[in-house]
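structure for this input, please:
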Amino acid sequence: MIETGRLRVINPPRETPQFTPELLEQLARRVFVSGQGTPHTLYSPFDGKVLGVIPLCSPEDVRQAVGRARQAQPAWARMDARSRARIMLRFHDLLLERQAEILDLTQYETGKARRDAQEELLDSAIVAQFYATRSPGWLRPRRTGGTFVGLTQTWEHRHPVGVVGVISPWNYPLVMAVSEPIPALMAGNAVVLKPDPQTTFTALWIQALMEEAGLPGELFQIVTGSGEVGAALVASADFIALTGSTPTGRKVARQAGERLIGVSLELGGKNPMLVLEDANLEAAVDGAIHGAFANAGQLCVSLERIYIHEKVFDAFARRFAEKTSTLRLGATLDHRSQMGSLTVQRQFDTVQAHVQDALAKGATLLAGGKARPDLGSLFFEPTVLTNVTPEMRVHSEETFGPVVSLYKFSDLERVLTLINHSEYGLNASVWTKDLRKGRKVASRIQAGTVNINESYAAAWASMDATMGGFKASGLGRRHGKEGLYRFTEVQTIAIERLIPITGPTWLPRGWYGRIVTVALKSFKWLTRWWYRV
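Residues are numbered from 1 along each chain as shown. Below is the predicted model of the structure:
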């Protein structure tokens, strides 16, 4: 290990990764393309060297992939949900058994630290186990209340939508190849996944492992490419699940709206952290480090703005800057590195532009602030800024990198207004020793998930609770029942018993109306008593 300034740097790895060039060639051959396809070379962010080559699909290739998935889907939908669950549980076991190989591959594709890749793998296993065990019960026909007790029986049935198109980003390629496809598959659908071109090998590895676990081969298709491929998928599938930027989400929503198909969109965020005066500062600092710099800040729920009460601002800022400055950076296939590199050049450029713009306009640098070409072309130091003002890009735009801004506040009402004065509302974090107060404050923040005394993982990993965004941060929810039910069409079946609900033909309509009026008044009294209204 060497030191440059105060940031600790880990020497590059010397060990050989668990995956081989032959494996990558084998995975690339899983992509179905017309003819040879356009070759696309993938480079590792770790060292800029060639990782492998994949063929890119055409829009026609996408239509054919959807067609193959559509042919395979009916037989899968007829399969008992418990049989589908057994396949997903085998996938869960294989994923944990083969984790060394996929962790290496994910790191080489993204440049992330080992601990971030491990977090991603464990989350994927949790998703597989959760939906495999819960879905069979949730998908069973459900008896519901009829119009009048004894006269009507109603049942809700859940049917798959057909072919689910999934468009996933490069920042978490492993979990995004699992967290959307698995509930979609468990609901009886087929899936066509379009990963980001940078992280295609990870998606293909997941596809191969699912088939090894017993998933029918045509049921989970992978298509490769960028914008036109994604548009072709939206034009062909029966439902679209997108994780990506807000501008991309708006385009997908418009296109899906023309076809009247469902969408779920997890989009951008400018996520706040609120440190109240009674917070445990050491815990809050550690939470901020993880929340801001996990995966080099390339996380939709990561923290980008921290509001600290004036009574503890100086102590928090000093300790936070100190800990940030001692984070271990490096490209290693073990857990020594605390932060890896950025993944793609355009994100590196955004991070650098936001920092340079802020400093040029008067922001104060407390830690980091520099690119690290000595480590790799896409390494950027974890950066802490203060004195950030609205005219700076970093103030309101999503950075999606290892950059966080600190703000001092004195009035809780005013700071809540500032926090909510954003087009985004994905995740937030509140730190206080008073948990009752914390819940009250959290409920006033306009965000889909709010963590108390944690940065993001508590809500994200609570699989039985939903996760999603307010405002421009998205539509729909993943996780929980809603994460499964979004991939279904609900059908109500009603059975009429004894006498018609519209009244028997021999009863005069006037008498029928009076009888129903008395019944409704009585029913109102009973229901108010029962539900304590």
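
helices along the stretch 301-450 of the chain, start to end?
313-325, 345-360, 393-396, 412-420, 435-442 (DSSP state H, counting those that start in this stretch).

of these, which is nearest residue 66?
helix 345-360 (28.7 Å; CB to CB). All C-beta spots, glycine's among them, are computed from the backbone N, C-alpha and C.

in the closest one, what's buried?
For helix 345-360, burial by neighbour count (16 or more other CB atoms under 10 Å) applies to 347, 348, 350, 351, 352, 354, 355, 357, 358, 359.

what is the most widely separated pair among the residues you listed?
347 and 359 (19.0 Å).

excluding its backbone neighbours, what's nearest residue 419?
Excluding the flanking residues, the one nearest residue 419 by CB to CB, 6 or more residues apart in numbering is residue 272, at 4.7 Å.

do you know how far residue 192 is from residue 232?
10 Å (CB to CB, to the nearest Å).

which residues do these two both contact?
The contact sets of residue 192 and residue 232 overlap at residue 62 (CB atoms under 8 Å, 6 or more residues apart in numbering).

ok, the residue nearest to residue 388 when sequence neighbours are not counted - how many residues close by?
Counting by CB to CB, 6+ apart, residue 388 lies nearest to residue 405, which is 4.2 Å off, once chain neighbours are set aside. By the measure other CB atoms under 10 Å, the count of residues near residue 405 is 25.

who's in contact with the closest residue to residue 316 other than its chain neighbours?
Once flanking residues are discounted, residue 316 sits nearest to residue 308: 4.9 Å by CB to CB, 6+ apart. Counting by CB under 8 Å, 6+ apart, residue 308 touches 275, 316, 317, 406, 407, 408, 409.

I'd guessed the second one sits against residue 285; true?
What it means is residue 316. Yes: with contact defined as CB atoms under 8 Å, residue 316 counts as touching residue 285 (6.4 Å).

what is residue 265 paired to in the beta sheet?
residue 242, residue 475 (DSSP bridges).

relative to residue 249, how far out is it?
4 Å.

now do the shared contacts for those two.
Common neighbours of residue 265 and residue 249 (CB under 8 Å, 6+ apart) are 242, 474, 475.

sec struct for residue 502, please.
Secondary structure, DSSP: H, G, I helix; E, B strand; the rest coil: residue 502 is coil.

the residue nearest to residue 419: what secondary structure?
Assigned with three-state DSSP, residue 272 falls in the strand class.

surely it is in contact with residue 307?
Yes: counting by CB under 8 Å, residue 272 sits close enough to residue 307 to count as a contact (6.3 Å).

give the residues shared as contacts by the two.
With CB under 8 Å, 6+ apart, residue 272 and residue 307 have common neighbours residue 419.

of these two, give the one with the bigger neighbour count.
residue 272 (26 against 21).

quick one: contacts for that one?
303, 304, 305, 306, 307, 419, 422, 428, 429, 445, 447.

can I get those residues in JSON lines with pLDDT and distance to residue 327?
Converted to JSON lines, the contacts of residue 272 look like this (pLDDT from 0 to 100; distance: CB to CB, whole Å):
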{"residue": "303", "pLDDT": "98", "distance to residue 327": "15"}
{"residue": "304", "pLDDT": "98", "distance to residue 327": "17"}
{"residue": "305", "pLDDT": "98", "distance to residue 327": "19"}
{"residue": "306", "pLDDT": "98", "distance to residue 327": "16"}
{"residue": "307", "pLDDT": "98", "distance to residue 327": "22"}
{"residue": "419", "pLDDT": "98", "distance to residue 327": "26"}
{"residue": "422", "pLDDT": "97", "distance to residue 327": "27"}
{"residue": "428", "pLDDT": "98", "distance to residue 327": "23"}
{"residue": "429", "pLDDT": "98", "distance to residue 327": "19"}
{"residue": "445", "pLDDT": "98", "distance to residue 327": "28"}
{"residue": "447", "pLDDT": "98", "distance to residue 327": "26"}
